[in-house]
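Student: here is a sequence with its predicted model. Questions after.
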Amino acid sequence: MDGNGKFRFASLQSEVGKTLLQRSGRAPDDLSSFVLAEKDQSYFKSDAALRVASNLPRGLPGLTVAAAAASALVPGFVRDGAYDIVAANRYRFMGKRDVCRVGDDRARFEDRFVPDSALLE
């Protein structure tokens, strides 16, 4: 979906993840949510998911329109409630595996993960 590599990832348990949490006004051990950290603002839960969805390539117009509509029409507490239900049941909905779903494509995504060494840059 993110063929252009616009988004990068960090584990919230990593040093860079903890730093981003603190920068976002959260405790460094707060692993309760999906976080999208941008240069000047951070988004959590449904706000983060909808912001990512609305910034995916335009080849997914239905997703982009749905994300924009949900952001505008559905109150945040309702969206976050739905987010919590999906998050709590994600393995039931999508299954759980003992290995990373990226599998053999791991090298293709390696540059999208923010290493702890990025804190030194």
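Tutor: Yes, it's here.
Student: what segments of the protein are strands?
Tutor: For the chain, the strands defined by DSSP state E cover 35-37, 42-44.
Student: quick one, phi/psi of the nearest residue to Gly17 once chain neighbours are set aside?
Tutor: If the residues on either side of it in the chain are set aside, Gly17 comes closest to Ala10, at 4.5 Å by CB to CB, 6 or more residues apart in numbering. Just so you know, the C-beta spots here come from the backbone N, C-alpha and C atoms, and that holds for glycine as well. Phi and psi for Ala10, reported as degrees, to the nearest 10, are phi -150, psi 140.
Student: wait, what's in contact with Ala10?
Tutor: Residues in contact with Ala10, defined by CB atoms under 8 Å, 6 or more residues apart in numbering, are Val16, Gly17, Leu20, Phe113, Val114.
Student: picking that back up, let me know which of the strands of the chain is the nearest to Asn89.
Tutor: For the strands of the chain, the distance to Asn89 is smallest for strand 42-44, at 18.9 Å, taking CB to CB.
Student: for the closest one, which outside residues touch it?
Tutor: Here strand 42-44 has contacts from Leu20, Arg23, Ser24, Gly25, Ser33, Phe34, Val35, Leu36, Arg51, using CB under 8 Å, 6+ apart.
Student: can you add mean neighbour count, distance to Gly95 and mean pLDDT and give the strands of the chain back as TSV?
Tutor: Formatted as TSV, the strands of the chain follow (neighbours: other CB atoms under 10 Å; distance: least, CB to CB, whole Å; pLDDT from 0 to 100):
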stretch	mean neighbour count	distance to Gly95	mean pLDDT
strand 35-37	20	24	86
strand 42-44	18	25	90
